[in-house]
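Colleague: For reference, the sequence and a predicted model appear below.
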Amino acid sequence: MKLLVCGGAGFIGSNFVRQRVMEHGDEIVVLDKLTYAGRRENLAGLPHDFHHGAIEDPAAVAAAIEGVDAVVNFAAETHVDRSIAEPDAFVQTHAIGTWVLLEAAKDRGLRYLQVSTDEVYGSIEEGSFTEDSPLRPSSPYSATKTGADLLVQSYAHTYGMETVICRGSNNYGTHQYPEKLIPLMILNAMHGDPLPVYGDGMQVRNWIHATDFAAAIGHVLEHGVAGEVYNAGGPDECPNLEVIERIIELTGADRSLIEYVEDRPGHDRRYSLSSDKVRALGWEPRVRFAQGLEQTVAWYRDNSAWWSPIRSGDYREYYARQYGRALGA
Ligand code: NAD
Ligand code: DAU
């Protein structure tokens with residue numbers, strides 16, 4: 001297949017491109033705006049045609065989409081804390097960007113896969129969300145992602161467009177920008193910096209390795225029924241504090257680095273997905289959290305050339321804005 005992968009220079013998008021090139025021999029076109037989270041280095045050594053542009057720009061989309069068989073949309077603003085501080089780009093990319101892409105795919109009769117998130121369902125105290133659970137997003141990030149999902153479904157319903165949606169739980173693995181819990185804690189632990197725990201640290205996330213989520217997206221792209229939604233959750237759940245304690249153990253850091261800080265406003269307590277529907281397509285997660293976390297810590301330890309430019313760039317300003325007051329930095 002020849003795929004247009006929007007947001008392919010980001011964390012999960014680049015893991016997906018690697019898998020599709022290496023394991024499926026697909027031809028790849030990447031359209032990416034290269035925001036702070038997008039990096040061409042993430043695609044190093046992978047054959048692809050790269051277009052630098054935004055999904056909300058019809059001309060950039062028209063240039064990239066020519067001759068492809070399907071569109072896979074990863075492009076998004078992805079950090080909940082940033083959506084609370086500055087929601088503007090979230091509305092722009094998720095609402096306008098998804099609409100522009102859908103129009104272009106509809107005009108050309110292309111299959112379209114929207115990469116989505118368990119956060120559209122909101123928080124769940126017990127049990128797991130199925131694809132039929134009500135949508136109750138809590139943050140500007142998840143609300144705009146929900147809006148994008150609804151727009152995608154309206155194109156299937158109204159125009160008969162061949163769309164599928166794949167909703168993932170919390171991803172971790174290589175090439176994740178160090179604003180997210182796991183890479184932030186790994187790098188801070190390695191540098192002897194404070195480990196900021198929001199609230200009581202007992203929020204639970206359903207961790208999935210990025211290669212497992214990429215494989216689920218591939219399965220849904222190839223075998224998913226048009227108009228349907230598929231959840232892809234990881235095999236393990238873990239409270240944040242336990243994740244941090246495991247990272248302390250794996251890096252040999254000192255437990256006294258843990259600092260409890262003010263909670264995230266509107267913080268969802270627990271996420272959990274039932275993945276029965278995508279499992280019925282033949283997918284299952286391969287990486288257990290304990291093993292995947294150990295490999296992830298090792299990757300960050302061995303790849304300072306990847307994260308050094310990030311930690312010394314604009315990231316410092318973001319970090320000071322997000323944590324400065326709480327950590328007295
Ligand atoms: P990321 O922030 O690492 O990468 C996002 C990519 O999209 C970057 O390369 C960025 O440059 C690009 N981008 C952003 N706005 C764009 C625009 N307007 N036009 C073109 N490109 C743009 O994100 P990620 O963690 O890899 O997430 C990818 C997708 O998976 C997102 O849709 C996200 O909502 C979804 N998702 C993420 C997780 C997770 O835990 N990270 C879990 C479930 C679903
Ligand atoms: O559930 C899927 C979602 O997972 C994706 O859709 C999002 O794109 C992705 O960012 C992620 O959202 P979370 O908000 O769950 O991830 P984050 O890494 O920001 O936080 C994970 C948990 O850790 C959450 O309960 C907040 C907490 N946390 C996070 C940071 C950055 C802390 O306690 N301290 C921190 O410094």
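Modeller: Noted; the coordinates are in hand. Ligands and ions are numbered 1, 2, ... in the order given.

Colleague: hey, let's count contacts and neighbours off CA atoms from now on
Modeller: Fine.

Colleague: how about the helices in the stretch 1-150 of the chain?
Modeller: 11-24, 58-65, 80-85, 88-91, 98-107, 140-159 (DSSP state H, counting those that start in this stretch).

Colleague: Just the CA trace of stretch 116-134, in PDB.
Modeller: In PDB, the C-alpha atoms belonging to stretch 116-134 read as follows (Å, rounded to 0.1, in the frame of the first residue of the first chain):
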ATOM      1  CA  SER A 116      -7.800   8.600  18.600                       C
ATOM      2  CA  THR A 117      -7.600   8.200  22.400                       C
ATOM      3  CA  ASP A 118      -9.200   6.500  25.400                       C
ATOM      4  CA  GLU A 119      -9.600  10.100  26.800                       C
ATOM      5  CA  VAL A 120     -12.700  10.600  24.700                       C
ATOM      6  CA  TYR A 121     -14.600   8.400  27.200                       C
ATOM      7  CA  GLY A 122     -13.400  10.300  30.300                       C
ATOM      8  CA  SER A 123     -12.500   8.700  33.600                       C
ATOM      9  CA  ILE A 124     -13.700   5.200  34.800                       C
ATOM     10  CA  GLU A 125     -13.500   4.100  38.400                       C
ATOM     11  CA  GLU A 126     -14.100   0.300  37.700                       C
ATOM     12  CA  GLY A 127     -14.300  -1.900  34.700                       C
ATOM     13  CA  SER A 128     -13.300  -0.900  31.100                       C
ATOM     14  CA  PHE A 129     -14.700   1.300  28.400                       C
ATOM     15  CA  THR A 130     -16.100  -0.400  25.200                       C
ATOM     16  CA  GLU A 131     -16.600   1.300  21.900                       C
ATOM     17  CA  ASP A 132     -20.300   1.900  22.900                       C
ATOM     18  CA  SER A 133     -19.500   3.700  26.100                       C
ATOM     19  CA  PRO A 134     -20.700   7.400  26.200                       C
END
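
Colleague: Give me every residue in the stretch 1-150 of the chain lying close to ligand 1.
Modeller: Listed as neighbours of ligand 1 in the stretch 1-150 of the chain under the rule C-alpha under 6 Å from any ligand atom: 6-13, 32-35, 37-38, 53-56, 74-78, 93, 115-117.

Colleague: And for the stretch 151-300 of the chain?
Modeller: Residues of the stretch 151-300 of the chain lying near ligand 1 by C-alpha under 6 Å from any ligand atom: Gly168, Ser169, Asn170, Asn171.

Colleague: From those, list the buried ones, please.
Modeller: Among these, those buried by neighbour count (16 or more other C-alpha atoms under 10 Å) are Gly168, Ser169, Asn170, Asn171.

Colleague: show me which of these neighbour ligand 2.
Modeller: Filtering these for proximity to ligand 2 by C-alpha under 6 Å from any ligand atom leaves Ser169, Asn170.

Colleague: Of the buried ones among the residues of the stretch 151-300 of the chain next to ligand 1, which belong to strands?
Modeller: Residues of those located in strands (DSSP state E): Gly168, Asn171.

Colleague: what about the protein, any weak spots by pLDDT?
Modeller: Within the chain, the stretches with pLDDT under 70 are 328-329.

Colleague: just checking, Ala76 touches His94?
Modeller: Yes: Ala76 lies in contact with His94 (C-alpha atoms under 8 Å); the separation is 6.3 Å.

Colleague: Around ligand 2, which positions in the stretch 151-300 of the chain sit nearby?
Modeller: Proximity of the stretch 151-300 of the chain to ligand 2 is confined to Ser169, Asn170, Glu179, Lys180, Leu181, Pro196, Val197, Tyr198, Gly201, Gln203, Asn240 under the rule C-alpha under 6 Å from any ligand atom.

Colleague: of all the residues you listed, which two lie farthest apart?
Modeller: Ser169 and Pro196 (21.9 Å; C-alpha to C-alpha).

Colleague: re the thing from before, pull out the buried members of the residues of the stretch 1-150 of the chain next to ligand 1.
Modeller: 6-13, 32-34, 37-38, 53-56, 74-78, 93, 115-117.

Colleague: Those residues also near ligand 2: which ones?
Modeller: Applying C-alpha under 6 Å from any ligand atom, the subset of those adjacent to ligand 2 comprises Thr78, Thr117.

Colleague: In contact with Gly109, which residues?
Modeller: Met161, Glu162 (C-alpha atoms under 8 Å, 6 or more residues apart in numbering).

Colleague: cool, Arg111 as well?
Modeller: By C-alpha under 8 Å, 6+ apart, the contact set of Arg111 is Asp69, Ala70, Val71, Ala105, Met161, Glu162, Thr163.

Colleague: and what of Gly122?
Modeller: Going by C-alpha under 8 Å, 6+ apart, Gly122 touches Leu135, Arg136, Pro137, Ser138, Asp268, Tyr271.

Colleague: Return the member of those nearest to Phe213.
Modeller: Set against Phe213, the nearest of the contacts of Gly122 by C-alpha to C-alpha is Tyr271 (15.7 Å).
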